[in-house]
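Colleague: coordinates only, no sequence provided:
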Ligand code: APR
């Protein structure tokens, strides 16, 4: 008879095959969160070692506090930026880029602001929370590549009008970019399979996207080392594991 581990391994392998079968006949929409970038050295927001254990999101990632005290918020943002600018895509990002090239993915809707899906070669990426690769001036709205701005003195000021520059990510209290919202809705309305990777699914309106897809009859395949808000009520196939280990196995099955 099989040991408990062997039994779990067999179930895991069966689920990988099943996930590949469901993806094979369609173009999946992928929804990613910070968990997919953990293997690239970027810490997640929640859970052990998460950013929100160290910083208060209301203090550091809200547009209201940023306007009041940009210097304090920039201390955290520079810490994140210094990690992100060196970060490289990991096997999870690379597997999704390969799956897109093979015709199995329609788009990636990402909550991440690290630009790693694009660095991995993914072409259709919808950045739901913007990204920190660009900085935007709070006064004249001019955009600058972050690499061109000296972050030696904080907060960085707009070369054109001396206004305070802000990472072009969506802060709490700011609207989701209109185009990202519209394109995500379109994708959710037409998908037969949604692959949800590395998100706790607690932040709206992103967290509703899998539910919308499920209510339309789509399969929701979730990859996460632990259950999320979706797992018990929305997820149809739960691949419990790390994205950087599971996605290459799904790709192998599709090859
Ligand atoms: N592979 C897959 N998932 C992982 C991995 C991994 N290697 N490591 C951790 N995870 C999972 C965690 O179990 C958790 O469910 O990734 C998820 C990370 O959750 P959060 O830190 O809450 O990140 P996310 O869901 O992207 O947060 C959503 O909250 O603070 C805002 O704007 C911020 O975009 C962010 C949003």
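Modeller: On my side now, so go ahead. Bear in mind that the values here come from a model prediction, so they are computed numbers and not experimental data.
Colleague: so which residues on this structure come close to the ligand?
Modeller: Residues of the chain lying near the ligand by CB under 6 Å from any ligand atom: 33-36, 38-39, 44-47, 50, 57, 111, 129, 198-200, 202-203, 223-226, 228, 242-244. Any C-beta I mention is one placed from the backbone N, CA and C, and that applies to glycine too.
Colleague: show me the residues you listed that map onto helices.
Modeller: 57, 243-244 (DSSP state H).
Colleague: list just the nearest of these to the ligand.
Modeller: Taking CB to the nearest ligand atom as the measure, the ligand lies nearest residue 243 of those, at 3.6 Å.
Colleague: doesn't residue 198 make contact with that closest one?
Modeller: Yes: assessed by CB atoms under 8 Å, residue 243 is found in contact with residue 198 at 5.2 Å.
Colleague: what about the ones in helices among the residues of the chain next to the ligand, which one has the most neighbours?
Modeller: Ranked by neighbour count under the definition other CB atoms under 10 Å, those are headed by residue 243 with 26 neighbours.
Colleague: could you pull out the residues contacting both of residue 243 and residue 198?
Modeller: Applying CB atoms under 8 Å, 6 or more residues apart in numbering, one finds that residue 243 and residue 198 are jointly contacted by 35-36, 92, 223-224.
Colleague: which one of those is nearest residue 117?
Modeller: residue 36 (8.4 Å; CB to CB).
Colleague: from residue 122, how far off is the closest one?
Modeller: Applying CB to CB, to the nearest Å, the value for residue 36 to residue 122 is 11 Å.
Colleague: which residues sit in contact with the residue nearest to residue 173 when sequence neighbours are not counted?
Modeller: Excluding its sequence neighbours, the residue lying closest to residue 173 (CB to CB, 6 or more residues apart in numbering) is residue 63, at 4.3 Å. When the contact criterion is CB under 8 Å, 6+ apart, the partners of residue 63 are 171-174.
Colleague: name the nearest of those residues relative to residue 3.
Modeller: Nearest to residue 3 among the contacts of residue 63, counting by CB to CB, is residue 172 at 46.9 Å.
Colleague: quick one: that closest one and residue 63, what's the gap?
Modeller: Noted for residue 172: a distance of 7 Å to residue 63, by CB to CB.
Colleague: ditto for residue 187
Modeller: Counting by CB to CB, the gap from residue 187 to residue 63 is 27 Å.
Colleague: now residue 98: how far from the ligand?
Modeller: Separation of residue 98 from the ligand (CB to the nearest ligand atom, to the nearest Å): 17 Å.
Colleague: you'd agree that residue is in a strand?
Modeller: No: the assignment for residue 98, made by DSSP: H, G, I helix; E, B strand; the rest coil, is helix rather than a strand.
Colleague: verify the contact between it and residue 250 for me.
Modeller: No: the criterion here is CB under 8 Å, and residue 98 misses it with residue 250 at 10.4 Å.
Colleague: that older thread, taking the residues of the chain next to the ligand one by one, which sit in strands?
Modeller: Among the residues of the chain next to the ligand, the ones falling in strands (DSSP state E) are 223-224.
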